[in-house]
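A.B. asks: Sharing a sequence plus its predicted fold:
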Amino acid sequence: MIQFQYTRATETKAAIDAISKDRSSMFIAGGTNLVDLMKRGIMMPERIVDISRLPLNQISSDDKLLKIGSLALNSAVAENKLVQQKQPLLAQALNAGASAQIRNMATVGGNMLQRTRCHYFYDTSLPCNKREPGSGCGALEGFNRMHAIFGFSDKCIAVHPSDMSVALVALDASVLVDGPRGQRRIPFIDLHRLPGDKPEIDTNLMAGELILGVEIPENTFAKNVYYLKVRDRASYAFALVSVAVALQIEKKVIKDARLALGGVAHKPWRLTEAERSLIGKPVSEFSFQQAAQIAMKGAKGFKYNEFKLKLAPNSIVQALKVASKLV
Ligand code: SF4
């Protein structure tokens, strides 16, 4: 274990000040990812600022937004009545993530900021541009079964591991952040970035910014949602492919649609063209097959993950069938 200083923040401003003054500092809340990374010598902050006591765990709603504080626990959000009634897709995605023990520790903010589970990233004896920029990408020519089929670069082909984030991007959520330059809202789709030439940077957060919470606009999807996660075992495994589906259906015709994939890119992968293709179509296997074909435009597999090129469209069709109650 590395040496580090520990500070506990009791106010948001103090937490932001502490991080802003010292680039080697990091926030910690549930610690379910950061502590692992520190134990393995992958991340080595000189100071960690414990934000777990900040008053950021409320869940509330008005007629426009469901608001969830960044320190709300994953389990508390998944079990919350407002979330289950208004945004059941989010509850499903949260319950698909990790194990019950981890959901009881992990926060919403930490969930969206968790780092990739690429095994080359976690093994410090192997090259990894995300861990050590310029060292190479072991996964490109290595065992890349879990890796991306969309949006990758020649520097990194890792995927983002969060299930919750796939639902949030489908639901048009926004993230409220505070930082040295004040508060701002980031559309969830812009929170995470593609690897490009800088795979070491996961998000578009600016230095010193703290996530205060997430806001999900009201919608008419509650009756027809489904989060499908395909993985190697039933619990505590990351997605090979996951699909978040939300539909508004009237008289067996699709009036509105949201679709996103997980386990396929460096960020949650929203499928807007496929969504548009569904609007006005009847609820049918044919409509869903067409949408899945559109969704896969631009996908490319690597040696060990070519199976995702079939698994992803099949999963999209299956998730659409379940969400629309066709099966
Ligand atoms: Fe590192 Fe990304 Fe390559 Fe994995 S895919 S080894 S995280 S650079």
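C.D. replies: Done, it's in.
A.B. asks: so what's Asn305 up against?
C.D. replies: When contacts are counted by C-beta atoms under 8 Å, 6 or more residues apart in numbering, Asn305 touches 144-147, 149. Every residue, glycine included, has its C-beta placed from N, CA and C.
A.B. asks: again with Ile102
C.D. replies: 32, 74, 236.
A.B. asks: Roughly how far does it sit from the ligand?
C.D. replies: 21 Å (C-beta to the nearest ligand atom, to the nearest Å).
A.B. asks: Quick check: the gap between the residue of the chain positioned farthest from its centre and Asn80.
C.D. replies: Residue farthest from the centre of the chain, counting by C-alpha atoms, centre = their mean, is Lys251 at 32.8 Å. In this structure, Lys251 lies at 32 Å from Asn80, with C-beta to C-beta, to the nearest Å as the measure.
A.B. asks: same question, Phe307
C.D. replies: 36 Å.
A.B. asks: what about Ile211, how many residues close to it?
C.D. replies: 27 (other C-beta atoms under 10 Å).
A.B. asks: The helix or strand hosting it packs against which elements?
C.D. replies: In this assignment (DSSP states H and E), Ile211 forms part of strand 210-217. Applying 3 or more C-beta pairs under 8 Å, 6 or more residues apart in numbering; DSSP states H and E, we find strand 210-217 packed against helix 12-20, strand 65-69, helix 108-113, strand 174-178.
A.B. asks: Looking at those, spot the one closest to Asp154.
C.D. replies: Closest of those to Asp154 is helix 108-113, at 25.2 Å (criterion: C-beta to C-beta).
A.B. asks: Need the winner for burial among the helices and strands packed on strand 210-217.
C.D. replies: Mean neighbour counts were compared across the helices and strands packed on strand 210-217 using mean count of other C-beta atoms under 10 Å; the top stretch is helix 108-113, at a mean of 25.
A.B. asks: avg pLDDT for that helix?
C.D. replies: In this model, helix 108-113 has a mean pLDDT of 98.
A.B. asks: Could you list the residues in contact with it?
C.D. replies: 29-34, 56, 68-74, 77, 94, 97, 162, 164-165, 168, 175, 191-192, 202-203, 211, 213-214.
A.B. asks: Setting the sequence-adjacent residues aside, check what's closest to Ala222.
C.D. replies: Distances taken as C-beta to C-beta, 6 or more residues apart in numbering put Pro88 closest to Ala222, at 5.8 Å, once the chain neighbours are dropped.
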